[in-house]
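J.: The sequence isn't on hand, but the structure is:
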RNA sequence: GGUGCUGUGGCCAAGUGGUAAGGCAAAGGUCUGCAAAACCUUGAUUCACCCGUUCAAAUCGGGUCAGCACCUCCA
């Protein structure tokens, strides 16, 4: 398959370091609050990537960190530690907050059919790993101590900027009002590996280290956790586009300086979901969570469908109009699948199935073109073949897309069956329908429409068919 | 200010040199007392704009404009 690699700005053929396994790392959430659906877009598209790699026959080991230690802090920052802020807001301890929102995160993932990574590691579990890395970086001259903190010295690198050609002179440091430049840094881009001094003297979580009691910098987390579980070479590193600089740039700097060789081959960055007003955030406008969508009557899977209709490297605008659009399309798709007969007794036409699979693979091989993969679903429905083959193809593609295609269709069939049974068991409704039929026969259409309205008020929708009037509860 | 990404019909979107897929919505039709559903039909002489390369450009080059992102915690 071909994947766009942010590090080279090109689509490249994906080849893993070891033929039998793909090592994949994902920057996980900071668990200080619920995830909004924009956060989840990244995890959703990464899930598609992981499942497609498995579909192609690779073994995948995927690792995700959980950021449960505040990392906003720097000497130059007036902002608040997010974990502490969350804890204060809810009158809980930092660890309670982390546990609660970690569970909430994976609940949301489950609703969106996002598979849990093979390894999920909280950042606070790996302090020892970070210390080992920092010690080596200090010993080899890539790091220095200043003002009580340990910094990475970016001037020691031949090439620091990976994802874009920044010019250090033009970097806007301290752009936000009230932010001061950290005078301990030797270079503008140097970053903290270990803090002992911070404005946040009440930092809840602190650990002993060779440099004093303190806590790790943000970037070291991902390097340490990745190396702990995946070793010194990585095939794919995933994350939201906003992390490319400085977070991922810094990860590369410290990891490769520590290892002494290239660390990760492919960088997979997902673009943001925006609202019509711009970037989605937790503080501005409506806080769009999976639960909120559910409370408005949307099945979370509709959001997955909505995301898959677009491409992961495109900005996507969320609006209820767009979600409704996706909901209508998904509903129709499931209805069409439900109309296929799973008990027709046909046997799968292997040649036809392979032709359909080739279209799906062609779409996905081209840098995960999921919107074309969705089109491939319509191709299946239109294909000149039997239902068994169609259903086999849909089930096959849904191993990657995870849109509940067959389950959704089965549920729909079941619902229709129940409605039919309920129809026979309700004498009141049957009586009214008979009355309406009589009124229609007498051409008393006003009365017929009145009865239909009465049924509607009871939550019963009727449909005239050539076989008579059917009804269902809505 | 610097850096990067994006710009295709009402909406989502495919298409990376050969003359604009697909889906949703809409309109018209069939059917119906009327609806609903289903089925059929219709849609960009044009791909943000300008200039250029070419027999040929949505696709390549240059410029302009607009949106978004990063440079500050953020997916």
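T.: Received it, and whenever you're ready, just let me know what you need. Just so it is clear, the model here is predicted, and its values are computed rather than measured. Residues are numbered from 1 along each chain as shown, chains lettered A, B, ... in the order given.
J.: Give the residue spans of the stretch 301-450 of chain A that score low on pLDDT.
T.: For the stretch 301-450 of chain A, the stretches flagged by pLDDT under 70 are A:422-425.
J.: Can you show me the helices along it?
T.: Taking DSSP state H, counting those that start in this stretch, the helices of the stretch 301-450 of chain A run over residues A:320-338, A:350-365, A:370-382, A:387-401, A:405-424, A:427-441, A:445-457.
J.: Deepest-packed of those, please.
T.: helix A:387-401 (a mean of 20; mean count of other C-beta atoms under 10 Å). (Each C-beta comes from the backbone N, C-alpha and C, glycine too.)
J.: chain center to that one: distance?
T.: Offset of helix A:387-401 from its chain centre (C-alpha atoms, centre = their mean, to the nearest Å): 23 Å.
J.: Secondary structure element holding residue A:161?
T.: Using DSSP states H and E, residue A:161 sits within no helix or strand.
J.: Check chain A for the residue nearest RNA strand B and tell me.
T.: residue A:240 (1.0 Å; C-beta to the nearest atom of the strand).
J.: so how many other residues sit close to that residue?
T.: Using other C-beta atoms under 10 Å, the number of residues around residue A:240 comes to 20.
J.: for residue A:156, same thing?
T.: Should you count by other C-beta under 10 Å, residue A:156 turns out to have 18 residues around it.
J.: what's the distance between it and residue A:223?
T.: 16 Å (C-beta to C-beta, to the nearest Å).
J.: Dihedrals phi and psi, the closest residue to residue A:21 other than its chain neighbours?
T.: Nearest residue to residue A:21 in three dimensions, chain neighbours excluded: residue A:59, at 4.7 Å (C-beta to C-beta, 6 or more residues apart in numbering). Dihedral pair for residue A:59: phi -80, psi 140, per degrees, to the nearest 10.
J.: residues touching residue A:59, list them.
T.: A:20-22 (C-beta atoms under 8 Å, 6 or more residues apart in numbering).
J.: and if we set it to 10 Å?
T.: A:16, A:18-23, A:53 (C-beta atoms under 10 Å, 6 or more residues apart in numbering).
J.: Kindly report the same for residue A:268.
T.: Here residue A:268 is in contact with A:3-6, A:14, A:24, A:26, A:42, A:45-46, A:49, A:236-239, A:312-313, A:367-368 (C-beta under 10 Å, 6+ apart).
J.: how about 6 Å then?
T.: A:236, A:238 (C-beta atoms under 6 Å, 6 or more residues apart in numbering).
J.: does it have beta-bridge partners, and which?
T.: Residue A:268 forms beta bridges with residue A:238, as assigned by DSSP bridges.
J.: any idea how far it is from residue A:48?
T.: Using C-beta to C-beta, residue A:268 is found at 11 Å from residue A:48.
J.: try residue A:258
T.: 31 Å.
J.: about what we covered before: hmm, the residue of chain A closest to RNA strand B is touching residue A:42, no?
T.: Yes. Using C-beta atoms under 6 Å, residue A:240 is in contact with residue A:42, at 4.7 Å.
J.: Are there residues contacting both of the two? Which ones?
T.: With C-beta under 6 Å, 6+ apart as the test, residue A:240 and residue A:42 both reach residue A:270.
J.: So for stretch A:130-137, what gets flagged as buried?
T.: For stretch A:130-137, burial by neighbour count (16 or more other C-beta atoms under 10 Å) applies to A:130-131, A:133-135, A:137.
J.: same thing with stretch A:9-23?
T.: A:14, A:16, A:22-23.
J.: Among those residues, show me the least confident.
T.: Across the set of the buried residues of stretch A:9-23, residue A:14 stands lowest in pLDDT, at 93.
J.: Provide a list of residues in contact with it.
T.: So residue A:14 contacts A:1, A:3 (C-beta under 6 Å, 6+ apart).
J.: again with the one 3 residues further on
T.: Taking C-beta under 6 Å, 6+ apart as the definition of contact, the neighbours of residue A:17 are A:233, A:235.
J.: can you do 8 Å?
T.: A:23, A:233, A:235, A:265.
J.: same question, residue A:227
T.: Counting by C-beta under 8 Å, 6+ apart, residue A:227 touches A:129, A:133, A:255, A:259.
J.: so which of the contacts of residue A:59 would you say is closest to residue A:331?
T.: residue A:53 (30.2 Å; C-beta to C-beta).
J.: so how far is residue A:290 from the closest one?
T.: 25 Å.
J.: One more: residue A:368?
T.: Following C-beta to C-beta, the distance that separates residue A:368 from residue A:290 is 22 Å.
J.: again, but for residue A:183
T.: Counting by C-beta to C-beta, the gap from residue A:183 to residue A:290 is 43 Å.
J.: ok, those two, which is more surrounded?
T.: Neighbours per residue (other C-beta under 10 Å) separate residue A:183 from residue A:290, with residue A:290 holding more: 22 against 9.
J.: And for that one, nearest residue in space, chain neighbours not counted?
T.: Using C-beta to C-beta, 6+ apart, the closest residue to residue A:290 is residue A:108 (4.4 Å).
J.: Then residue A:471?
T.: Per C-beta to C-beta, 6+ apart, closest to residue A:471 is residue A:462, 4.5 Å.
J.: How many residues are close by that neighbour?
T.: Residues lying near residue A:462 (other C-beta under 10 Å) number 17.
J.: where's it, which helix or strand?
T.: Using DSSP H and E, residue A:462 falls in strand A:460-465.
J.: and the angle from that strand to helix A:445-457?
T.: Computed by axes from the mean of the first three to the mean of the last three C-alpha atoms, to 10 degrees, the angle separating strand A:460-465 from helix A:445-457 equals 130 degrees.
J.: What pairs with strand A:460-465, parallel or antiparallel?
T.: Note on strand A:460-465: by DSSP bridges, its sheet partners are strand A:468-473 (antiparallel).
J.: Off-centre distance for the partner strand?
T.: Counting by C-alpha atoms, centre = their mean, strand A:468-473 comes out at 40 Å from the chain centroid.
J.: can you check stretch A:398-406 too?
T.: Mean-position distance between stretch A:398-406 and its chain equals 16 Å (C-alpha atoms, centre = their mean).
J.: ditto for stretch A:135-149
T.: For stretch A:135-149, the distance to the chain centre is 36 Å (C-alpha atoms, centre = their mean).
J.: start to end distance for that stretch?
T.: Taking C-alpha to C-alpha, to the nearest Å as the measure, stretch A:135-149 stretches 13 Å from start to finish.
J.: what does that stretch rub up against?
T.: A:75, A:134, A:150-153, A:156, A:183-186, A:192-197, A:210-212, A:214, A:254, A:257-258.
J.: quick one: which of these sit in helices?
T.: A:134, A:254, A:257-258 (DSSP state H).
J.: Most neighbours among those residues, please name it.
T.: Tallying neighbours with other C-beta under 10 Å puts residue A:254 at the head of the ones in helices among the contacts of stretch A:135-149, with 27 neighbours.
J.: Let me see the mean pLDDT of the strand holding residue A:462.
T.: 76.
J.: next one: stretch A:281-291
T.: 82.
J.: Check whether that stretch comes near RNA strand B.
T.: Yes. Judged by C-beta under 7 Å from any atom of the strand, stretch A:281-291 comes into contact with RNA strand B at residue A:281.
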